[in-house]
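A.B. asks: A structural model of the following input is requested.
(2 chains)
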Amino acid sequence: MSRFLIKRLFSATLTLFAVSVLTFLMFFALPRDPVTGMCPKNCNPERLERVRDDLGLNDPLVSQYAGYMKGIVTGRDLGSAQGGRCDAPCLGWSYVSNEAVSDTIARVLPVTLSIVIPAAILWLLLGVGLGMVSALRRGTWLDRAAIGFSLTGASLQLYFVGAVLLLVFVYNLRLLPVPSYTSIFDDPVKWASGLVLAWVALAFLFSAIYARLSRAQMLETLSEDFVRTARAKGLAKPKVYGRHALRAAITPVVTIAGLDVGGALGGTVITETTFGIQGLGRTAVDAVRSGDLPTIMATVLIAAVFVVLANVLVDLLYAAIDPRVRLR
Amino acid sequence: MRPRVAVAAGGAIALVVALGACSKNTGEGTTVDSERKQTGVIATDPKDSQGPAAEVSGAQKGGTFSVIRESPISHLDPQRTYSFAGLMANPLWSRYLTTWKDDGKGGLVLVGDLAETPGKNVNNDCKVWEFTIKDGVKFEDGRPITSKEIAYGIARSFDPDLSGGPTYIQEWLADTAQFDTKWDFKKNKTSLPPGLSTPDAKTLRFEFAKPRCDLPFAVSLPTTAPLPADKDTGVDLDKQPFSSGPYKVAKNQVGVQITLDRNPNWDANTDPVRHQYPDQFVWSFGPTADAANNRVIADNGADQSALAFNAVPASLVAKVAGDASLKSRSILSPTPSANQLVINNQRVKDLKVRQALNYAIDREGMVKALGGQTVAAPLTTLMPPATIGYKAYEAYPAGPNGNVDKAKELLGGQTPALVLGVADNSTEQQQGAQLKANLERAGFKITLRNISDDAKLDEIKKKDNPWDLYLGNWAADWPSGASILPVLYDGRTIKAEGNSNQSYFNDPAINAEMDRILAMEPSAQGPEWAKLDERIMKEHAPVVPLFVDVAYNVHGSKAGGIFISSVFGYPSFVNAYVKP
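C.D. replies: Numbering: from 1, shown residues only, chains lettered A, B, ... in the order given. Reported below is the predicted structural model:
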């Protein structure tokens, strides 16, 4: 187990290193000059050049990259124009939003976590629940309804579902407040009421895929020998389905869920845009638009961390769910 | 102070022109308001600069006024403020040497803000200016504002760490664009930049190497906001500016929300422009333009006293314009942001070709392509109508859709092949397609070449750029011809790159005329710039004026007092109040 973990963490570190190098190189391949945006109109080329120098943008790429990575580990001095000393993990200074990137991340990451985690719980419960019920009641109206639901969900787009939800529940019926983020620690009710539409929209779309996947997996598992054996031994249906069949059927669902949740934590840009909430996703897109390298680096790295961690977690869960899997 | 030329009754020089391209919302769709007049004045009577500002009809104290905007304001620090949102928000917590008394109907008066008047031209040569600071002006902690703190504010704008703000005053004082190397703020914190002095606590003196007749306008920008040296937190002032205005920053959740409370030490009797009606202002950031406008249109709860700072997006224009109930909640106003089809005069040297382009242009088609008159209003002059001294004219009268026959006649059977460079964003792509179809009807052969949106501005500022035509825009920092014509059409400023003169037009006679006007008293310059505007177009046609941007905003049913600034073309908050 520990050997497995060490191996996975090592490969995760390598992945993150590769992602950071690629992001750095891709940024410098962009046609935008980040300094132009900082300089007022009529800014002359000499002044632009000095600003570039001050920000270290004229330094060799390797040295810029090394400085950035060193900042994450030990912190670094960014100079008076960029807020002075930046403690570890220093993600740099955004010359677009004029604040330390770690401050930006500390502000927007809880927003994305608050959207994704409850939504993921909702879509997993709903999707897996519907899939299971549908498989166990194969051919009944319940099965057909579940299939219809999943087809509808899979064929719709989030920006459409979101707009409809907003129109109905916020602007017409006025049952819910305009979506916004409040910290759960400040006001849990406001937190939930401000984000519930985002959860529902995400859950509706994602649960459709999970319902279909769970149904197919469950049907396949139910036809396997070990289920028949369990039933033949006289085990009660709930025990067979709940303890044996479900555990086997859910393994691929866990894989997909790990990737989906990891990806979503890296930024739910369409959800955030549709509901007008500034999370990690919109911050990343804004950063790309404005050529804000430190913010691009930070958001890409955090997204990569989530995906990598989700994969490690999925591997660990495999062993817990399916006793046939052994970690090496 | 030297007596101003042509002093009008009431101590003001009024330059009245017809503004033919303004629009109003009638509630039954939008129509052109040809009645609106644009006036621009510089106050000469100190009474004009005294407070309190005239009461806003129907306004009352109390409530929270909300402003919803997609992106955060880039800088709260006045010395770093230059974005439009910043320029509109900053007067809530900052005061300057001068400011604009703007009636929201086209009437503009430049008055003293912290200064008793818009400045004294000491030797009548625009090289030495003095401002006398008002009595009773205070910071948020109650200490008096003197010339020292205003001078310190200007001095810190030399700090390269505090980039982003306007640089006019710094460059004029240092007499070089490299002002921050000529005078190092960090090494001279206890002294002042060259040419800036405070003979006493009530007097601020500027001495320039060259005549700077636009100084009264330039000091209306936030560079002149005061700051006590002991309150200078460097780059962190962006998070918590120190107030001299009617409100102070009570809470700043960077990038999310700014809450402003009343500043009890602001005295209305010293302020000719601002009010302090709402108890609080709350600026919220995050919702997209669609979401913000939908919220305000829905008019629920706190959004009833809110303004969507982002203009009504194209997806909602039909809904807002077509809904009679939104008539009283929408503002439609032309802005000073002028757009041209810029002709590269180095490449298109034949005057007849440039004139033919002017005859051929279909402005109505362009406005339609952009989304109609809630987005743009046709323009036939170099300066936008909001400019002091503006005079409407058509150098090449061709009707709203252009006159292709006249254009063909000028071309005399030629079919000039021109390359039109367009940014690869959706708006310019649309405009490019419209222009190509329009100009080819008149006999031109237009080749569209895409320019990366990110790089376009830099590329067209390069002298040797490879395009004959491109779309250009200029929004001046103050409504004076001096901040438009010399910047865009003085050929002596042309350099290898970084050019504001993007038409690369250079005519010695025009350059000399600019020098003559620049040496005049600012108050007398207005009509002269208007004459030069017409002369440039008639004699040289260096560009094709296209349209001015139009501001179209919606607010909640309890939000009052909002108007579009005639200076910047964005919603102003100095009169804002919350209805009961």
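
A.B. asks: Starting from chain B, give me the distance back to residue A:302.
C.D. replies: Distance, residue A:302 to chain B, using C-beta to the nearest C-beta, to the nearest Å: 17 Å. For the C-beta atoms, the positions are set from N, CA and C on the backbone; glycine is no exception.

A.B. asks: Three-state assignment for the closest residue to chain B within the stretch 151-300 of chain A, please.
C.D. replies: At 3.2 Å from chain B, residue A:276 is the closest residue in the stretch 151-300 of chain A, using C-beta to the nearest C-beta. Look at residue A:276: counting by DSSP: H, G, I helix; E, B strand; the rest coil, its state is coil.

A.B. asks: How are the strands of the stretch 1-150 of chain A distributed by residue range?
C.D. replies: Taking DSSP state E, counting those that start in this stretch as the criterion, the stretch 1-150 of chain A carries its strands at A:76-77, A:85-86, A:93-94, A:99-100.

A.B. asks: the bottom helix or strand of chain B by mean pLDDT?
C.D. replies: Least confident helix or strand, chain B: strand B:15-18 with a mean of 31, by mean pLDDT, DSSP states H and E.

A.B. asks: Report whether the expected contact of residue B:511 with residue B:492 is present.
C.D. replies: Yes: in this structure, residue B:511 is within contact of residue B:492 by C-beta atoms under 8 Å, at 5.7 Å.

A.B. asks: Looking at these two, which one has more neighbours?
C.D. replies: The residue with more neighbours, out of residue B:511 and residue B:492 and counting by other C-beta atoms under 10 Å in any protein chain shown, is residue B:511; that gives 17 against 12.

A.B. asks: and the gap between the more buried one and chain A?
C.D. replies: 18 Å.

A.B. asks: picking up where we left off before, closest one to chain B among the strands of the stretch 1-150 of chain A?
C.D. replies: strand A:99-100 (5.5 Å).

A.B. asks: what packs against that closest one?
C.D. replies: strand A:93-94 (3 or more C-beta pairs under 8 Å, 6 or more residues apart in numbering or on different chains; DSSP states H and E).

A.B. asks: re earlier: export the strands of the stretch 1-150 of chain A to JSON lines and append columns for mean pLDDT and mean neighbour count.
C.D. replies: Converted to JSON lines, the strands of the stretch 1-150 of chain A look like this (pLDDT from 0 to 100; neighbours: other C-beta atoms under 10 Å in any protein chain shown):
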{"stretch": "strand A:76-77", "mean pLDDT": "88", "mean neighbour count": "15"}
{"stretch": "strand A:85-86", "mean pLDDT": "88", "mean neighbour count": "15"}
{"stretch": "strand A:93-94", "mean pLDDT": "86", "mean neighbour count": "24"}
{"stretch": "strand A:99-100", "mean pLDDT": "88", "mean neighbour count": "22"}
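
A.B. asks: Turn the ones you listed into CSV, columns for distance to residue B:213.
C.D. replies: Converted to CSV, those look like this (distance: least, C-beta to C-beta, whole Å):
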stretch, distance to residue B:213
strand A:76-77, 45
strand A:85-86, 45
strand A:93-94, 39
strand A:99-100, 39
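
A.B. asks: Against residue B:310, how distant is the residue of the stretch 151-300 of chain A closest to chain B?
C.D. replies: Separation of residue A:276 from residue B:310 (C-beta to C-beta, to the nearest Å) stands at 11 Å.

A.B. asks: Show me which of the two is the more surrounded one.
C.D. replies: residue A:276 (25 against 20).

A.B. asks: for that one, what are its contacts?
C.D. replies: A:178, A:179, A:180, B:286, B:287, B:288, B:291, B:292 (C-beta atoms under 8 Å, 6 or more residues apart in numbering or on different chains).
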